[in-house]
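1. this is the structure alone, sequence omitted:
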């Protein structure tokens, strides 16, 4: 009676009474197969766009490896067909080929292992309708450590990122933000009114209070007009009250300097107080003087009881 073989791994099962004196070779081959099934790491070279991963009965073959390290230089996505389609297998696949490797066994589902990624896959061996399942796609992990860092987020928290299309740079714009959803919605509503970022920046550094800003309510003066008070250090009205009008001034009790100049058109009179004298000059020429005793000196004639028109 001929030997039979295990369905999944092709281990030879010699019939009773068969292979007398030749069992050693069969047993050795079977041990090699078992070694591959338990701890074997096989380098699989891919080329082109297809590859067949075969498990041969009674013979050491690539399909018996536990870990598949894909390499080579495929020309594009490579379809790896697991043969035969009635064998059940669990593979750890590390894809270093530089291209996507798609594992198939029948007309059922396939699993694609992207370049530079690792997956654990299961081939169900269901014949022509066989499917390949991604075991890592539904692992229930008590804890997850990525690059030495334990992930503390729950599945629900991680699922918040599902569908997020923002980049890391865009997400980092929220760094330091302490507001809530209402604050963000307020900013959205402001933007809807047409307020621009540049207009917001105008407020950068503002220290005025609401009451101080309200002082401007109703002001119609222009910036140029407001700038007229630049440099004013005291009450403007008080200063104006001490000034005589330029036309027909009334000097009731002003405090003047030693010289007062009065002009009109091209004429200029200067009154100068010096010592005990008060001197009047017309266009720079002294024409009249009076001293503290009442003595008067005139450059021209003195007319008494005359008429002044």
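-> Noted; the coordinates are in hand. Since we're looking at a predicted model, the values are computed, not measured. Numbering: from 1, shown residues only.

2. okay, and for the protein, where does confidence drop off?
-> The chain contains residues with pLDDT under 70 at 1, 244-257.

3. just the helices in it please.
-> 23-39, 155-159, 168-172, 181-192, 197-201, 210-214, 223-226, 236-241 (DSSP state H).

4. tell me what the longest strand seen in the chain is packed against?
-> Across the chain, the longest stretch assigned as strand under DSSP state E is strand 67-83. Packing partners of strand 67-83 (3 or more C-beta pairs under 8 Å, 6 or more residues apart in numbering; DSSP states H and E): strand 41-54, strand 89-95, strand 101-104. Using the backbone N, CA and C atoms, a C-beta is placed for each residue, glycine as well.

5. tell me which residues are up against the second one.
-> So that's strand 89-95. Here strand 89-95 makes contact (C-beta atoms under 8 Å, 6 or more residues apart in numbering) with 8, 55, 63, 65-70, 82, 101, 103, 113-123, 125, 135.

6. which among the residues you listed end up buried?
-> Buried by 16 or more other C-beta atoms under 10 Å: 8, 55, 63, 65-70, 82, 101, 103, 113, 119-121, 123, 125, out of those.

7. walk me through the domains of the chain.
-> Using automatic domain parsing, the domain parsing of the chain gives 4-138, 257-304.

8. chain center to the last one, what's the gap?
-> For domain 257-304, the gap between its own C-alpha mean and the chain's C-alpha mean amounts to 80 Å (C-alpha atoms, centre = their mean, to the nearest Å).

9. residue 288 reaches residue 299, doesn't it?
-> Yes - between residue 288 and residue 299 there is a contact under C-beta atoms under 8 Å: 6.9 Å.

10. those two: which is more packed in?
-> Neighbour count, other C-beta atoms under 10 Å: between residue 288 and residue 299, residue 288 has more, with 16 against 11.

11. hang on, the earlier thing: now the helices and strands packed on strand 67-83 as CSV including distance to residue 277?
-> Shown next, in CSV, are the helices and strands packed on strand 67-83 (distance: least, C-beta to C-beta, whole Å):
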stretch, distance to residue 277
strand 41-54, 120
strand 89-95, 114
strand 101-104, 117
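
12. return the most buried member of those.
-> Across the helices and strands packed on strand 67-83, averaging neighbours per residue (mean count of other C-beta atoms under 10 Å) puts strand 101-104 on top, at a mean of 22.

13. ok, and what's touching that strand?
-> 46, 53, 70, 74, 77-82, 91, 93, 95, 110-113, 121, 123, 132.

14. quickly list what the residue lying closest to residue 97 once chain neighbours are set aside is bridged to.
-> Ranked by C-beta to C-beta, 6 or more residues apart in numbering and with sequence neighbours excluded, the top spatial neighbour of residue 97 is residue 70, at 4.5 Å. Beta-bridge partners of residue 70, counted by DSSP bridges, are residue 44, residue 95.

15. surely residue 70 meets residue 100?
-> No - between residue 70 and residue 100 there is no contact under C-beta under 8 Å: 10.2 Å.

16. okay, and the common contacts of the two?
-> Here residue 70 and residue 100 have residue 113 as joint contacts, going by C-beta under 8 Å, 6+ apart.

17. tally of neighbours for residue 199?
-> Around residue 199 there are 10 residues (other C-beta under 10 Å).

18. ok, now which ones touch it?
-> By C-beta under 8 Å, 6+ apart, residue 199 has no neighbours at all.
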